[in-house]
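J.: pasting the structure only:
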């Protein structure tokens with residue numbers, strides 16, 4: 001089972017109120033006017049998919065899976081990672097489970113997806129720091145130690161360039 005970065009409760013807060021999830025319906029039967037639209041297994045599946053997506057997008061920059069850290073008394077994965085996973089899981093539920101062939105996103109869904117894409121880009125660029133995680137950027141691209149680096153071929157304090 002892959003590491004998951006958010007819970008079902010986190011994803012449910014991004015779903016519309018008319019979506020009935022398994023466990024929220026007090027009397028699930030075929031005559032109930034509000035049948036369950038999303039099961040717990042489906043929510044877990046979409047959380048796993050979103051977690052894998054976040055791992056794949058940030059795996060070259062950080063050690064994945066992300067470690068849980070203490071954030072003000074709460075032990076969990078870093079908040080940007082949890083936010084990304086939650087939003088991507090909710091968006092996948094919208095796209096694959098709650099809509100038919102004609103995909104129609106509301107303005108709030110579009111803004112949420114754009115926020116997640118922007119946050120992911122900012123994490124990749126280093127503008128948003130992921131606290132408590134080991135970064136791979138320096139390890140992968142530095143080929144020699146700093147003490148063994150070659151001297152700059154500058155003459156009189158100016159580099160000639162090529």
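T.: All right, it came through fine. Computed from a predicted structure; not experimentally measured.
J.: Now find how far off-centre stretch 86-106 is within its chain.
T.: Averaging C-alpha positions (CA atoms, centre = their mean, to the nearest Å) puts stretch 86-106 16 Å from its chain's average.
J.: and what of stretch 53-72?
T.: Using CA atoms, centre = their mean, the offset of stretch 53-72 from its chain centre is 9 Å.
J.: any idea how far residue 86 is from the spatially closest residue to residue 71 that is not a sequence neighbour?
T.: Leaving aside its chain neighbours, residue 71 sits nearest to residue 79 (6.9 Å; criterion: CB to CB, 6 or more residues apart in numbering). For the C-beta atoms, the positions are set from N, CA and C on the backbone; glycine is no exception. Applying CB to CB, to the nearest Å, the value for residue 79 to residue 86 is 10 Å.
J.: Looking at the two, which is more packed in?
T.: The residue with more neighbours, out of residue 79 and residue 86 and counting by other CB atoms under 10 Å, is residue 86; that gives 23 against 14.
J.: so what pLDDT did the more buried one get?
T.: Listed pLDDT for residue 86 reads 96.
J.: Tell me if it really is in a helix.
T.: Yes: according to DSSP: H, G, I helix; E, B strand; the rest coil, residue 86 belongs to a helix.
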